[in-house]
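Colleague: for reference, the sequence and a predicted model appear below.
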Amino acid sequence: MKRMTVPAIRRRKGGDPLVMLTAYTVRMAQLLDPHCDMLLVGDSLGQVIYGLPSTVPVTLEMMVAHGAAVVRGSYHAMVVIDMPFGSYEASPEQAFASASRLLKETGAAAVKLEGGRAMADTVRFLSERGVPVMGHVGLTPQAVNVLGGYGARGRSDEEAAKILDDAKAVAEAGAFSVVLEGVVEPIAIEATQSLACPTIGIGASAQCDGQVLVAEDMLGLFERTPRFVKKFDNLAGRISAAVETYARDVRARTFPGEEQVYAPKN
Ligand code: KIV
Ligand code: NA
């Protein structure tokens, strides 16, 4: 099965919804890959994998290491890697230096960066130089220190107009797709109708051209429950139960059992 490509993703505008999940490790990538059109090596790994308080401290080195693992664990989905905070905002040139490292050192096909009109020149600069860019507007977690939290965006008319303008700016600058995160539903619907490229919703609308979630969130593995997370399983509970059984068996000396020990050679 051939890997999904940027043009194939673009062609899905208005068609079958695009399925995307985050992946940070090889085994998770292997498990998600057959079901997904795209895998996102999200900078959410800062909180989910490293226990950091936000995505702000995430480094390019972390994204390279996890990006390479996810590429090694996937065959079908297109891999998109988040550009971490501080690796792209200063100038288009800085962004190109960081993005080219991500693509060269991991084998991923595209990068994602946060920001609207302020990032449009950078999106164009990268797109025209061989780096496909996924945009990300609305709730942009790297701006937590400016936004003051992770609440939904676009509740006032002014904020709604700004988010729509941001989405249009990055799409017109050449983004092959735009993530709409944590926005009130009418904005997601309007952006989906007006953008030429696919929109990917998270806390947005089922009308978007695709959806993304943090895999650990939807699997019930990470203790975090924003409104937009639907838990499709409770892996945390299942892991606790399995480990409890293991601990009990070790303490009762019923593990290892006969099947797990080696008999002497005869
Ligand atoms: O880092 C992340 O996981 C994201 C999402 C869009 C879920 O950016
Ligand atoms: Na992210």
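Modeller: Yep, it's here. Ligands and ions are numbered 1, 2, ... in the order given.

Colleague: so residue 19: helix, strand or coil?
Modeller: The three-state assignment at residue 19 reads strand, by DSSP: H, G, I helix; E, B strand; the rest coil.

Colleague: wait, what's in contact with the closest residue to ligand 1 within the chain?
Modeller: Proximity of the chain to ligand 1 (CB to the nearest ligand atom) peaks at residue 42, 2.4 Å away. Every residue, glycine included, has its C-beta placed from N, CA and C. Neighbour list for residue 42: 22, 24, 82, 214 [criterion: CB atoms under 8 Å, 6 or more residues apart in numbering].

Colleague: next: residue 135.
Modeller: Here residue 135 is in contact with 112-113, 115-116, 119, 123, 167, 170-171, 175, 177-179 (CB under 8 Å, 6+ apart).

Colleague: shaky segments in this protein?
Modeller: Within the chain, the segments meeting pLDDT under 70 span 1, 266.

Colleague: which element is residue 123 on?
Modeller: Assigning secondary structure by DSSP states H and E places residue 123 in helix 120-127.

Colleague: my guess is residue 115 meets residue 136, correct?
Modeller: Yes - judged on CB atoms under 8 Å, residue 115 makes contact with residue 136 at a distance of 7.5 Å.

Colleague: what does this structure put close to ligand 1?
Modeller: 22, 40, 42-44, 82, 179, 181, 202, 212, 214 (CB under 6 Å from any ligand atom).

Colleague: and residue 130, helix, strand or coil?
Modeller: Following three-state DSSP, the label given to residue 130 is coil.

Colleague: any idea how far residue 118 is from it?
Modeller: 23 Å (CB to CB, to the nearest Å).

Colleague: same thing with residue 50?
Modeller: Per CB to CB, residue 50 is found 28 Å from residue 118.
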